[in-house]
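**Q** The sequence and its predicted three-dimensional model are supplied below.
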Amino acid sequence: MYLPRSLISTLYLHLQRTQHPQSPPVLILVALEPDALCGCRILTRLLKRDYIAHKIQPIAGYGDLEKVGQNVVRPMMESQGGSGGVVVCLGVGGMVDLGGLLGIDNDEDEVNFGGVEVWVIDARRPWNLGNIFGGTPRLPAVEGEEAPKLQGVEGGKILQNYKPGKGGIIVFDDGDIEEDLDKERDAYLALMDMPEIDDNESDGGETESEDEAEDTQPRPGQKRKSWSDREEEESSDDEERPHQRRKSNSSSPILDSPSRPRQRGLLSLSGPPDVVAGSRSVSPSPAQAPKAPSARTLRHRLRKLRLKNETVLQEYYGLGASYSEPISSMMYSLASELGREDNDFLWMAIVGVTSMELYGRSSVGVAVSSQKSTSQSGWLGTRGSRIRQLLRDEVRRLNPPELTDTSFNVNRNLLPENSGIIPTTAQGPQDNSIRLSPEPKFLLIRHWSLYDSMLHSPYLSARLHIWSDSGRKRLHKLLAKIGVSLVQCKQNYTHMDMDLKRDLRTKLLKYSEIYGLDDLVPSADTDGRDRGGTKEGWGFVKSWGWRATLSAQDVGVVVGAILEVGNEAVNSLQGGNFDRSREGRELTDEDGALEGEEWVGRFWDAYDSLEKIDKLKAALPTAQHLHRAILRTGTSLIEKRQIRHLRAFRMAIVKEGPDVALFTHPAALTKLALWVGEAIAEQEKESKGKLSHGGRGTPLVVAGLNENRGVYVIVGTGGGGGAAGFGDKTAAKEKKEKREAKAKARELKKKNKEIIKQQKREARRKAAGDDEEDEEDETESEGSESESDDDEEEGDDEASKAKGFGRNKFGNAFQEVVEETNARVRIDSFEHCVVEVKKEDLAGFLESLSMKGVVG
């Protein structure tokens, strides 16, 4: 089931009304990523204000999720002795069949879910359609009667009259389901209602060859297992394992297809008259009895309809990965609907949204940022631009300017909107406000020198070629042009001369175009003094009195570093002798359980740092060390020409050097891959004038060696192309209108053909009176219907190609390689483009992967 955006507060208000001291605590399952962490902060603060008991459970991967389902969630079911309750999944399980994975929706249970209601808020796409249009509880049936239908749910959509409390899976819709998944919904529901049919069944007096001759095209169904065969094969392989999204030799969930009711007779088939009824449109004369379609004809139509609907679902899952509205933004929308929005909630939403861009999560999946972030073709397209503008408006609303205009305020605390200087200090000891700031694309500039901040910026590194000596010289020339000496730029930014800081943005705008740095700082035309200005490209800054002033990007970088490296390593990092595998060298951790426990421990450090500014500041050295390692490793890979160009992607392997241990975490390895990928994309644009692969950009695969476990962690990133137009609802509506117009034209043409055929049939009947013509007419009509369907499918294919263009399809490619090879692979990460491969199997795995399509 899915909850429309307009009813986002319905479930929470019901929880608030029905909660009492004896109610089970709300269980919150949180992914180990900054966006989910910020969303969790917002939700827990709401629950605390309403005195609702809750428990937070960090989840490292699918194996961890399945374990929590068996040990924690399933015992909550009423059939297992529990009392039901609410489970909230933040960034967890949106792409898998959650009911099966958590063990609360098994076929052997008479009543599923047992009062356990699962709320799913996730930014990853594609959705598992079983969660959206299924996930409804089976109500107990009265003996001799059919099971009653759940009230308040229509086609998977929760209506205003829905009464929570019976259990089920409820997906929070950010608008995509309502606007974009009409076709998938119709196909899914049609498959759910469709009766079983045996492909091998044959009628008396008819041979299989005659049945095959009737088909106008080769049937893919000849190589396809039936739904029941598939379910029996899965259950025979592993009876205890739930339906999962991904197929590998590990705990890696795969997308589940909709299960249907048990086999029913063909005569019970019901559907639209133009699809299910015969294709003949001639009304028989009163003296002639209507000729009913044969069982063979009905079976053929049913088989064809089933194949068509299955193809729709396969195309949706095959589009590739993408990201939609961040979890923290959805949680802020919930707080806003409840009338609870404040600066703390707003700051969590801002940090969560900003972190999505840091990890390359865009409308085409995990990919480098090769487009301007301020353009509509950048991060999340038009939707991302709307979200950022909404956050800027909220900052103005919740942080109005002071009415007093004394000389002290004018001279010492100029607003950044008027001065163009990024704020580094608060306006007073009690200042906890959020402000807009013209942030340059530098890294941790308030906590580093200007030189180091520019040197470690991924944006500048890619465009100035920082990895080479000539690139360093270009950086020095840029600093010289803006009037900053090397001595001055290597001291802490907060201690630099005030005149230099005041003129920095103006000079950067003056000279940035020479070096191709058009997006380095927000342009001057965003400096309008009116409070209603859009301030496109401006960042966000929060103060904690005199203790600290940090930007949202600073917080996202530091929190991410805590999750990836850990606070306990700060002291050893400063000494430069960090070795993650030292403590557990004598332990074996083949399945990654110990590593997962270590990651979960870091979750609590990151969770506390979002609330306690002192802990956040203490982790700054960790973030600085991580990004120094990214610069060192990326420079080494490019200078030593260790990046190979395979058929479908470029490949780099990190297996030696002082920083290998840092890149055993998938998120840290992803940051390295994005750094290298952006550098490659800029090289392509400089040499060819455009991105390769038809504008998609060259995908990149980076493998990091985990010597302690004997595996390679592999990350696949997209080339950064193809983002234009995604999320643009206006363009999508125009395309939809064109398709509808074409469909109407085809329908009119079809009706005209039917009229002509009707006239011909009437003439033949009057002339010959031969009823044997009926079968020929039936075949002719089916042929024309087939042509019409083919035209529709071609148009839909073009639309799907346009929609999926440039998307990261490494997740699909990984699945195909696992099925075709004997490589020992573990797919456990919620990130679609992350996989673990045994050290000995890496070569074979990459060889097979190079033959796959990895970008849409």
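**A** Perfect, thanks for sending it. Residues are numbered from 1 along each chain as shown.

**Q** ranges for the strands of the stretch 351-500 of the chain?
**A** Counting by DSSP state E, counting those that start in this stretch, the stretch 351-500 of the chain has strands at residues 361-362, 365-366, 434-437.

**Q** Stretch 19-36: which residues count as buried?
**A** 19, 24, 26-36 (16 or more other Cβ atoms under 10 Å). For the C-beta atoms, the positions are set from N, CA and C on the backbone; glycine is no exception.

**Q** Can you tell me which of those residues end up in helices?
**A** Pro34, Asp35, Ala36 (DSSP state H).

**Q** these two touch, right, the first one and Val559?
**A** The one in question is Pro34. Yes - at 4.8 Å, Pro34 counts as touching Val559 under the criterion of Cβ atoms under 8 Å.

**Q** Pull up the overlap in contacts between these two.
**A** Jointly contacting Pro34 and Val559 under the rule Cβ atoms under 8 Å, 6 or more residues apart in numbering are Val351, Ser355, Ala606.

**Q** OK, contacts around Ile52?
**A** By Cβ under 8 Å, 6+ apart, the contact list for Ile52 reads Leu15, Gln16, Gln19, Val26.

**Q** Kindly indicate which of the ones in helices among the buried residues of stretch 19-36 lies nearest Leu47.
**A** Nearest to Leu47, judged by Cβ to Cβ, of those is Ala36 at 16.0 Å.

**Q** Am I right that that closest one is in contact with Ile28?
**A** No - counting by Cβ under 8 Å, Ala36 sits too far from Ile28 to count as a contact (9.9 Å).

**Q** how much space between Ile132 and Leu7?
**A** 15 Å (Cβ to Cβ, to the nearest Å).

**Q** Between those two, which is the more surrounded one?
**A** Using other Cβ atoms under 10 Å, the more surrounded residue of Ile132 and Leu7 is Ile132, with 24 against 17.

**Q** Verify the stated contact: that one with Tyr2.
**A** Yes - counting by Cβ under 8 Å, Ile132 does reach Tyr2; the two are 4.9 Å apart.

**Q** hey, what's in contact with both of the two?
**A** Counting by Cβ under 8 Å, 6+ apart, the contacts common to Ile132 and Tyr2 are Gly156, Val171, Ile177.

**Q** Okay, and which of those residues map to helices?
**A** Judged by DSSP H, the subset of these located in helices is Ile177.

**Q** Nearest to Met95 among the shared contacts of Ile132 and Tyr2?
**A** Closest approach to Met95 among these (Cβ to Cβ): Val171, at 11.2 Å.

**Q** Could I get the contacting residues of that closest one?
**A** Met1, Tyr2, Leu3, Gly94, Val120, Asp122, Trp127, Asn131, Ile132, Gly135, Ile177.

**Q** Quick one: closest of the strands of the stretch 351-500 of the chain to Arg650.
**A** Proximity to Arg650 (Cβ to Cβ) singles out strand 365-366 among the strands of the stretch 351-500 of the chain, at 15.1 Å.

**Q** what does the closest one rub up against?
**A** The contact list for strand 365-366 (Cβ under 8 Å, 6+ apart) reads 320-323, 359-360, 670, 674, 715-718, 807-810, 831-833.

**Q** Show only the entries of those found in strands.
**A** Using DSSP state E, the subset of the contacts of strand 365-366 located in strands is Ser322, Tyr323, Val715, Gly716, Thr717.

**Q** now for the residues you listed, which pair is the farthest apart?
**A** Farthest pair in the ones in strands among the contacts of strand 365-366, by Cβ to Cβ: Ser322 and Val715, 16.9 Å.

**Q** got any ranges where the stretch 51-200 of the chain has weak pLDDT?
**A** 107-111, 141-147, 198-200 (pLDDT under 70).

**Q** Centroid-wise, who is the farthest residue in this protein?
**A** The C-alpha centroid of the chain is most remote from Ala767, which lies 64.4 Å away (Cα atoms, centre = their mean).

**Q** Where does the prediction get shaky in the stretch 301-450 of the chain?
**A** Within the stretch 301-450 of the chain, the segments meeting pLDDT under 70 span 370-381, 403-419.

**Q** With Leu27 as the reference, measure out to Leu11.
**A** Going from Leu11 to Leu27 by Cβ to Cβ gives 15 Å.

**Q** ugh, typo on my part, it should be Lys690
**A** To Leu27, Lys690 is 49 Å away according to Cβ to Cβ.

**Q** One more: Trp599?
**A** Distance, Trp599 to Leu27, using Cβ to Cβ: 20 Å.

**Q** would you list every one of the strands in the stretch 751-856 of the chain?
**A** Shown for the stretch 751-856 of the chain, the strands assigned by DSSP E, counting those that start in this stretch span residues 825-826, 834-838.

**Q** again with the stretch 601-750 of the chain
**A** Going by DSSP E, counting those that start in this stretch, the stretch 601-750 of the chain shows strands at 644-645, 650-654, 700-706, 711-717.

**Q** Deepest-packed of the ones you listed, please.
**A** strand 711-717 (a mean of 27; mean count of other Cβ atoms under 10 Å).

**Q** For that strand, name the packing helices and strands.
**A** Here strand 711-717 touches strand 365-366, helix 666-688, strand 700-706, helix 810-820, strand 834-838, going by 3 or more Cβ pairs under 8 Å, 6 or more residues apart in numbering; DSSP states H and E.

**Q** re the thing from before, got a markdown table for the shared contacts of Ile132 and Tyr2, with distance to Trp347 too?
**A** Shown next, in a markdown table, are these (distance: Cβ to Cβ, whole Å):
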| residue | distance to Trp347 |
| --- | --- |
| Gly156 | 35 |
| Val171 | 27 |
| Ile177 | 29 |
